[in-house]
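# coordinates only, sequence not included:
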């Protein structure tokens, strides 16, 4: 939900080039269990991959 609200409506190239640093600034990684942190990393990888593919079009 957080990722959707942050990236909703943004251009694919903008998302692909983002460093997702807001996650560390909010302290999310250190407050998540290892399983949830891995899930978050996987979602970020998927979002960046899809954005990169759509940025080339």
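That came through fine. These figures come from a predicted structure and were not determined experimentally.
# use CA for all of it now, contacts and neighbours both
Fine.
# and the residue nearest the centre of this structure?
residue 44 (3.5 Å; C-alpha atoms, centre = their mean).
# Three-state assignment for it, please.
The three-state label given to residue 44 by DSSP: H, G, I helix; E, B strand; the rest coil is helix.
# which phi and psi does residue 29 have?
phi -60, psi -40 (degrees, to the nearest 10).
# can you pull the pLDDT of it?
Looking at residue 29, its pLDDT is 82.
# so what's the residue count around residue 11?
12 (other C-alpha atoms under 10 Å).
# now it: how far from residue 42?
21 Å (C-alpha to C-alpha, to the nearest Å).
# one more: residue 13?
Using C-alpha to C-alpha, one obtains 19 Å as the distance from residue 13 to residue 42.
# between those two, tell me which one has more neighbours.
Under the criterion of other C-alpha under 10 Å, the comparison of residue 13 against residue 42 puts residue 13 first, with 16 against 12.
# which element is that one on?
Using DSSP states H and E, residue 13 maps to helix 12-17.
# in that helix, what counts as buried?
If you call a residue buried by 16 or more other C-alpha atoms under 10 Å, then helix 12-17 has these buried ones: 12-13, 15-16.
# could you do stretch 18-35 as well?
For stretch 18-35, using 16+ other C-alpha under 10 Å, the buried residues are residue 29.
# is residue 27 in a helix, a strand, or coil?
Here residue 27 takes the coil state, with states given by three-state DSSP.
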